[in-house]
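# Attaching a predicted model along with its sequence, questions to come.
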Amino acid sequence: MANTWKVGSRWSSWGNPNASIKEIFIQNNIFFVGGEKARKRVKQIKVGDRIALADGIKVIAVGVVESEAKSLSNYNIGEKVDHVKTEIKEDLVDGWPMAVRTRFYPLEHDDQFNYTYREFIRVVDLNYISKIENLVTKYSEDEFDIIPTTSNINEVLKYRYQVPVYQRPYSWSKVQIDKFIMDIFDRYWGYNRDALPEPMFIGTMQLSAKPKNGYIEIVDGQQRLTTLLLLLYVIRQKYEKDIPIDWLITKVNNGSQQALLNEVLNVNIDSLNEKTTNIYEQNTITIKYLIERYTEDESDSLFEQEFDIDGFIKFLFRKIIFVQIKIKAGLSKTLQVFDTINTTGLSLAGSDIFKLRMYEYLKEADGAFDRINEIYEKIERYNSGEVKETDINGILSLYQQVLISRYDLPNVLYDYNHNRFFDELFNNIFDIAQNNNFRKAKEVSLNIEDIKILIDVRFQWRQGYYVAEKLAQCHTAEDYCASHQIGWSRYSRYWILRFMFIHRFPNDADKLPSFMRQVSKYLFIYSIVFEKTVYHAHRTIRQLMKEMYKSDSTAEGVIDSISNEIQKDIPNRSSSRDSIINVLNNGIAYSAKKKNLVCRLSAMFDESNIESSSMDVIQPIIKKLYHDALDIEHVHSTEDNSLNFDEKLQNSIGNLVLLDFSTNRSLGKKPFSEKRPAYQNSIIGSVKKIANENLEWGEKEALIRKEKQIEQITQYLYES
């Protein structure tokens with residue numbers, strides 16, 4: 001019997017309810033524990049056990065165990081834990097904790113429940129066990145099911161079949177037709193017509209579990225089923241037998257394949273043209289010729305059987321056997337099963353699957369496939385140069401954020417990758433499967449023209465700069481710095497807000513810089529006050545995105561909204577301003593994220609012409625502050641024993657400054673007097689300013705600089 005376990009995502013004593021690493025667990029389908037007792041206990045876990053994942057106060061996900069406990073080093077996730085505290089990250093990268101592979105299902109808000117017991121434990125309370133089991137069932141049911149059955153032609157003729165639009169055209173060659181028909185006759189009466197009929201297995205055929213418009217879709221097997229149809233057509237015509245041939249249609253190539261098939265099925269077999277280029281006609285003629293060859297009475301052998309057409313039809317209908325696999329899942333999972341079964345067959349990327357599902361969504365209207373292809377072609381045209389700014393996956397990911405925001409879908413969907421999002425969205429729209437996260441799926445309207453607009457908006461940004469004239473004129477060097485600060489923050493995913501703003505407010509392009517500055521400030525605050533990403537910040541930005549797409553929203557209102565968030569107190573901290581001052585008054589050198597964000601912002605203040613809108617000014621500033629190889633330099637280094645220096649002050653913003661990599665490496669740990677000439681020649685304004693304004697460097701100078709930097713940063717965040 002499966003056990004039930006509770007595990008927390010506050011992976012240390014320093015965590016708090018707003019500082020969880022649940023994203024690592026959920027996104028990687030894994031959890032790990034580190035304490036000695038927990039590591040002993042986790043070894044008792046078995047495959048199939050249930051997991052409740054808590055985030056300080058509530059259970060926010062449930063899961064099913066898929067492996068026994070192993071060292072974390074087996075799972076290769078070191079590069080995905082950049083936002084956790086430095087000493088903890090080192091433990092994780094070293095693989096010291098024990099980890100368990102688990103399929104997690106994030107819970108909607110209404111399904112989350114309080115469970116504050118902090119340790120990793122086995123759940124014994126029957127009420128909790130029942131609740132967790134019910135949630136696992138609720139979120140996993142209908143997710144995936146394979147229904148295999150053994151079938152013959154009699155079973156096939158009970159249904160109607162459709163070759164879906166994403167399949168390739170019918171293409172069996174004469175060699176393949178020869179072998180197929182030869183194998184059939186070999187099983188029917190043996191090589192010398194001296195054997196009894198034997199069953200013939202022709203492999204697996206993968207079909208959709210649910211008919212669409214009265215037809216079952218063929219995922220794998222169209223070549224064999226189509227050839228069987230042509231064989232039955234030949235028998236129907238040649239021997240005047242009442243055999244149905246209206247059970248298969250093809251949607252490939254916008255109906256052109258069906259037209260070619262109709263050219264065969266709707267005429268008399270004697271009128272077929274041997275010089276045709278129609279593949280269906282070519283193969284039908286080949287089948288007719290092979291049947292005539294295999295049934296000719298060429299010998300008076302005592303053992304040779306005469307051809308009995310009724311017996312042959314009975315053999316075809318009963319003894320041609322295949323395994324029919326019906327997949328109860330979304331199209332992407334169905335195709336994944338196909339790839340596993342048939343490694344030489346169709347292989348589609350997630351973006352191709354979107355094309356197919358969108359075609360279904362448009363109800364296969366005339367010209368729908370061409371309209372969908374225009375999206376892909378538009379991206380290709382934009383990417384025709386040497387630099388490819390983004391691809392269809394980037395556009396679909398952006399469209400996902402727009403749809404979630406516009407239709408107020410659950411926030412958990414922001415964390416889905418776009419393939420999963422659209423797969424489950426279409427599943428719910430088509431009633432293939434139901435997921436509570438998509439209970440509003442029928443309200444969602446997908447629009448080709450909307451995607452085209454997003455493509456135009458997205459490609460207005462090329463190689464780090466806006467190329468649209470109106471947008472470019474609005475931006476100063478400081479605005480571009482603000483955008484790049486988002487990329488360096490713990491919340492870099494929200495750099496796409498610039499595209500969403502222009503998409504939502506196309507007539508307010510001049511307000512974009514103000515909006516992005518405020519977003520950048522907000523994310524800067526939450527990136528340096530906390531040691532990792534916190535849910536409160538994610539929720540705030542996601543609510544901002546949803547506010548942006550409300551029907552009555554305005555650009556000014558959205559900007560005011562994020563500006564107000566900057567001024568609010570930080571949860572579990574003091575006021576926002578006091579929290580920032582507290583961080584900046586202490587050492588920041590221990591945190592790569594903090595020192596990079598703070599020192600780059602500080603360096604921006606000391607660059608000349610920071611308010612310039614000239615690209616000749618902007619590009620060099622952005623290049624040196626955000627793209628070139630830089631170090632965070634201690635002006636007074638630890639090895640410099642010429643002066644006493646308070647350690648906290650030494651590791652503060654008062655003594656830390658950006659310096660180009662090559663210069664820093666050449667200076668080593670020299671005293672300030674020897675560094676000063678190199679500082680004066682630096683391309684970085686901050687370090688040049690230090691050298692020009694100071695003949696020596698000690699605690700007094702570092703303290704003065706720290707106070708000035710704190711004042712400058714707080715004024716920028718809260719007053720400008």
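Nice, thanks for sending it over. Residues are numbered from 1 along each chain as shown.

# Can you give me the pLDDT of residue 280?
Note on residue 280: pLDDT of 95.

# what residues are up against it?
Contact analysis of residue 280 by C-beta atoms under 8 Å, 6 or more residues apart in numbering lists 170, 226, 230, 260, 261, 263, 264. Where C-beta positions appear, they are placed from N, C-alpha and C, glycine not excepted.

# likewise residue 658?
Contacts of residue 658 by C-beta under 8 Å, 6+ apart are 599, 600, 602, 603, 625, 630, 631, 632, 633, 684, 686, 687.

# thinking again about what came up before, taking the contacts of residue 280, tell me the two that lie furthest apart.
226 and 263 (14.0 Å; C-beta to C-beta).

# For the two, indicate the residue with more neighbours.
Neighbour count, other C-beta atoms under 10 Å: between residue 226 and residue 263, residue 226 has more, with 23 against 16.

# which residues touch the more buried one?
163, 170, 172, 248, 250, 261, 280.

# ok, those residues vs residue 557, which is closest?
Out of the contacts of residue 226, the member with the shortest distance to residue 557 (by C-beta to C-beta) is residue 163, at 51.2 Å.

# does the closest one really touch residue 219, like I thought?
No: the pair residue 163 / residue 219 is not scored as a contact, 9.7 Å apart, by C-beta atoms under 8 Å.

# Any figure for the gap between residue 376 and residue 98?
45 Å (C-beta to C-beta, to the nearest Å).

# The two: which has the busier surroundings?
residue 98 (23 against 17).

# so what's that one up against?
32, 33, 34, 38, 39, 42, 43, 69, 70, 71, 72.

# Need phi/psi at it.
Here is the backbone geometry of residue 98 (degrees, to the nearest 10): phi -100, psi 130.

# ditto for the one 3 residues further on
Backbone torsions of residue 101, given as degrees, to the nearest 10, read phi -70, psi 130.

# which SSE is residue 593 in?
Element membership for residue 593 (DSSP states H and E) is helix 592-605.

# Kindly export that helix (C-alpha atoms) in PDB.
Output of helix 592-605 as PDB, limited to C-alpha atoms (Å, rounded to 0.1, in the frame of the first residue of the first chain):
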ATOM      1  CA  ALA A 592      26.700  37.500  -6.600                       C
ATOM      2  CA  LYS A 593      23.100  38.600  -7.500                       C
ATOM      3  CA  LYS A 594      23.100  41.500  -5.100                       C
ATOM      4  CA  LYS A 595      26.500  42.900  -5.800                       C
ATOM      5  CA  ASN A 596      26.000  42.700  -9.600                       C
ATOM      6  CA  LEU A 597      22.600  44.500  -9.500                       C
ATOM      7  CA  VAL A 598      23.700  47.200  -7.000                       C
ATOM      8  CA  CYS A 599      27.100  47.900  -8.600                       C
ATOM      9  CA  ARG A 600      25.600  48.100 -12.100                       C
ATOM     10  CA  LEU A 601      23.000  50.500 -11.000                       C
ATOM     11  CA  SER A 602      25.600  52.500  -9.100                       C
ATOM     12  CA  ALA A 603      27.800  52.600 -12.300                       C
ATOM     13  CA  MET A 604      24.900  53.800 -14.300                       C
ATOM     14  CA  PHE A 605      24.600  57.000 -12.200                       C
END
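
# Buried residues, that helix. List them.
Buried residues in helix 592-605, counted by 16 or more other C-beta atoms under 10 Å: 593-605.

# Equivalent analysis for stretch 258-265, please.
Quick answer for stretch 258-265 (16+ other C-beta under 10 Å): 258, 260, 261, 263, 264, 265.

# May I see these arranged in TSV, with secondary structure, distance to residue 367 and pLDDT as well?
TSV is the format used below for those (DSSP: H, G, I helix; E, B strand; the rest coil; distance: C-beta to C-beta, whole Å; pLDDT from 0 to 100):
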residue	secondary structure	distance to residue 367	pLDDT
258	helix	16	93
260	helix	20	93
261	helix	21	95
263	helix	23	93
264	helix	26	94
265	helix	26	94
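
# quick one: which two of these are the most distant?
Among these, 258 and 264 lie farthest apart (C-beta to C-beta), at 11.0 Å.

# Of the contacts of residue 658, which is the nearest to residue 466?
Proximity of the contacts of residue 658 to residue 466 (C-beta to C-beta) peaks at residue 625, which lies at 18.1 Å.

# Run through the helices of the stretch 101-250 of the chain in chain order.
Assigned helices in the stretch 101-250 of the chain, in chain order: 126-140, 153-156, 174-189, 222-239 (criterion: DSSP state H, counting those that start in this stretch).
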